[in-house]
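# need a 3D model of the following:
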Amino acid sequence: MMRNRLRRAVAANGAALAVWMAAAPVGAQTSLVAFYPTAQATIAKPPAADSMRVTCSERLTAEQSPMRAAVWVSLLAPPSQPAWIVALTVQPIKKPGDALSTTPRYGPLPTAKVFQSSTLDWGWIWDRNGDGRVDYVAFLQNAHPVLPNPVPDTFPVPTRKPDGGYTMTMPLLHAMIDRAQMVFRHYADDDFNGTADGVVVEEFDAQRPMFVRDWIAALSSKRDGAIDEAWAFYGAITDTLRAIAPGADGQFSLPAITETGMTTEPANARLAYGTRLLGAVNGMIERCGPQRGAVRRP
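Below is the predicted model:
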């Protein structure tokens, strides 16, 4: 049915596009590297958003918001459990299943949108050390197709058009649907002092820019807000594909995506965003109180 709908969409529009891991035992998972498999286990088999309830919600000012815009921030929890999700929305959440999706959707291309008004600004949250504060967030980027590793020689490749767009073939569109995943950026506060010490971000493929090819982990080993170690991986975060070297200025860069295509950004800036996100969520949790603001432990 999905492919029939896709074929109809392709025929009508000429279709062009612009741009798991098993859970590790919980114990000494006090680093991003150690905890990443646990986070990925939730991402791989998530509860449905419509099974959750809002436990606490408040409106943040632009100054309080990590996005520098006024938003509502809400905690979502399964029945009789502490919060699993934090969501940032323009309006208060009435129905979690309308506000966000925890699995890919198709329209016909992969997306994490339920409706046009739904949010992509949400993430899975954990309190690893039991102090009542969030110290690990897997924050949604969107639903994207992910390349296999290795990529078969027969895997479809898009054709670049003179205007910079891409002509989509049916095999490529089918591959995008078949390989769709929810893609998250991970932020970890590993010394539990309120600031992010490590991040994981997706990296899109240069030849097939609609596909994620791998992930980049970047750490501040001194936990001083400055990235000093980074590497690419696929699957297990400890299986290094390649080391990432700093630039001539000694600073690390991370892949980024904008409306105009692929680019890079300072790794320290991405780490700083993680700190703002943690601060906004934990500020709200403190105001919610220990009961309404309870966050799950691993």
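# tell me where the protein has helices.
2-13, 32-44, 96-99, 170-178, 267-288 (DSSP state H).
# would you mind giving those as CSV with mean neighbour count and mean pLDDT added?
Every C-beta, even on glycine, is put in place using the N, C-alpha and C of the backbone. Shown next, in CSV, are those (neighbours: other CB atoms under 10 Å; pLDDT from 0 to 100):
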stretch, mean neighbour count, mean pLDDT
helix 2-13, 12, 42
helix 32-44, 20, 96
helix 96-99, 20, 97
helix 170-178, 17, 95
helix 267-288, 19, 96
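# distance to residue 242 for those - can I get that in CSV?
Shown next, in CSV, are those (distance: least, CB to CB, whole Å):
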stretch, distance to residue 242
helix 2-13, 35
helix 32-44, 17
helix 96-99, 38
helix 170-178, 24
helix 267-288, 16
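# to residue 53, which of those helices lies closest?
Nearest to residue 53, of all the helices of the chain, is helix 96-99, at 7.1 Å by CB to CB.
# what is the closest one packed up against?
Helix 96-99 sits against strand 85-89, with contacts defined as 3 or more CB pairs under 8 Å, 6 or more residues apart in numbering; DSSP states H and E.
# pull the residues that contact the strand it packs on.
With CB atoms under 8 Å, 6 or more residues apart in numbering as the test, strand 85-89 has contacts from 49, 52, 65-67, 71-77, 93, 96, 99-100, 119, 121-125, 134, 137, 281.
# so what's the residue nearest to residue 276 when sequence neighbours are not counted up against?
Leaving aside its sequence neighbours, residue 276 sits nearest to residue 66 (CB to CB, 6 or more residues apart in numbering; 4.0 Å). Neighbour list for residue 66: 88, 273, 276-277, 279-280 [criterion: CB under 8 Å, 6+ apart].
# show me what contacts the closest residue to residue 65 other than its chain neighbours?
Excluding the flanking residues, the one nearest residue 65 by CB to CB, 6+ apart is residue 71, at 5.1 Å. The contact partners of residue 71, by CB under 8 Å, 6+ apart, come to 59-60, 65, 88-90, 121.
# PyMOL command to pick out the buried ones of the residues you listed?
To isolate the buried ones among the contacts of residue 71 in PyMOL, judged by 16 or more other CB atoms under 10 Å, type:
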select buried, resi 60+65+88+89+121
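# distance to residue 248 and pLDDT added to the contacts of residue 71, as TSV?
As requested, the contacts of residue 71 are exported to TSV (distance: CB to CB, whole Å; pLDDT from 0 to 100):
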residue	distance to residue 248	pLDDT
59	44	96
60	38	93
65	34	91
88	36	97
89	41	97
90	41	95
121	34	97
